[in-house]
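Engineer: output the structure for:
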Amino acid sequence: MSTPHDPRRDDNADDAPLGGDETTEEQLDADNAAEEQMLKTLDPDNPAA
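Structural biologist: Residues are numbered from 1 along each chain as shown. Below is the predicted model:
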């Protein structure tokens with residue numbers, strides 16, 4: 001089953017899914033800039049600054 005392309009993520013197959021699994025990752029969507037920043041902090045492939 002193919003998932004829609006998300007421009008926030010690159011197509012690297014080695015990436016860990018946001019939220020822990022692919023189902024959760026598909027359900028996570030930011031409604032505003034603050035939520036977008038929060039999702040970035042949850043991304044295991046995006047090291048904290």
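Engineer: longest helix anywhere in the protein?
Structural biologist: Ranked by residue count and defined by DSSP state H, the top helix of the chain is helix 33-42.
Engineer: CA atoms of that helix as PDB?
Structural biologist: Output of helix 33-42 as PDB, limited to C-alpha atoms (Å, rounded to 0.1, in the frame of the first residue of the first chain):
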ATOM      1  CA  ALA A  33       3.000  26.800  12.700                       C
ATOM      2  CA  ALA A  34       3.100  25.900  16.400                       C
ATOM      3  CA  GLU A  35       1.900  22.400  15.700                       C
ATOM      4  CA  GLU A  36       4.400  22.000  12.800                       C
ATOM      5  CA  GLN A  37       7.200  22.900  15.300                       C
ATOM      6  CA  MET A  38       5.900  20.300  17.800                       C
ATOM      7  CA  LEU A  39       5.800  17.600  15.100                       C
ATOM      8  CA  LYS A  40       9.400  18.400  14.300                       C
ATOM      9  CA  THR A  41      10.400  17.800  17.900                       C
ATOM     10  CA  LEU A  42       8.800  14.400  17.700                       C
END
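Engineer: got the buried residues for it?
Structural biologist: Within helix 33-42, the residues that count as buried by 16 or more other C-beta atoms under 10 Å are residue 39. C-beta coordinates here come from the backbone N, C-alpha and C atoms, glycine included.
Engineer: now residue 43, nearest residue through space, not along the chain?
Structural biologist: Leaving aside its sequence neighbours, residue 43 sits nearest to residue 18 (C-beta to C-beta, 6 or more residues apart in numbering; 5.2 Å).
Engineer: spit out the contact partners of the one you found.
Structural biologist: Contacts for residue 18 (C-beta atoms under 8 Å, 6 or more residues apart in numbering) come out as 9, 24-25, 28, 39, 42-44.
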